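> structure here, sequence nowhere to be found:
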């Protein structure tokens, strides 16, 4: 990827269309324009994906209690201020009238 221009649009590994804003969730190296293209390309990509992961240096373990930003997306529910919503789920559903 070092020889790719920084401002070059990223295209989908399956269909070649851009912009491709989604990435393989495992290797994070291959881009896709949609989940449909990602799923359709998996049969081909899974072989290379494992090779990329095998070559990647192991991640250093984080110390216990380290809550710094991780590479994985945090999908926990958040309130309107972006803070993690720590209310029990039943309280949340009651608020929206479910």
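Right, received. Where do you want to start? All values derive from a computational prediction rather than experimental measurement.
> output the below-cut-off pLDDT ranges for this structure.
1-7, 51-60, 65-98 (pLDDT under 70).
> in it, where's the longest helix?
Looking across the chain with DSSP state H, the single longest helix is helix 35-55.
> list the buried residues in it.
Within helix 35-55, the residues that count as buried by 16 or more other C-beta atoms under 10 Å are 37-38, 41, 45, 49. (C-beta placed from N, C-alpha, C; glycine too.)
> residue 12: neighbouring residues, count only.
20 (other C-beta atoms under 10 Å).
> try residue 34
15.
> wait, it touches residue 18, no?
No: with contact defined as C-beta atoms under 8 Å, residue 34 does not count as touching residue 18 (11.7 Å).
> what's the overlap in contacts for the two?
Common neighbours of residue 34 and residue 18, counting by C-beta atoms under 8 Å, 6 or more residues apart in numbering, are residue 12.
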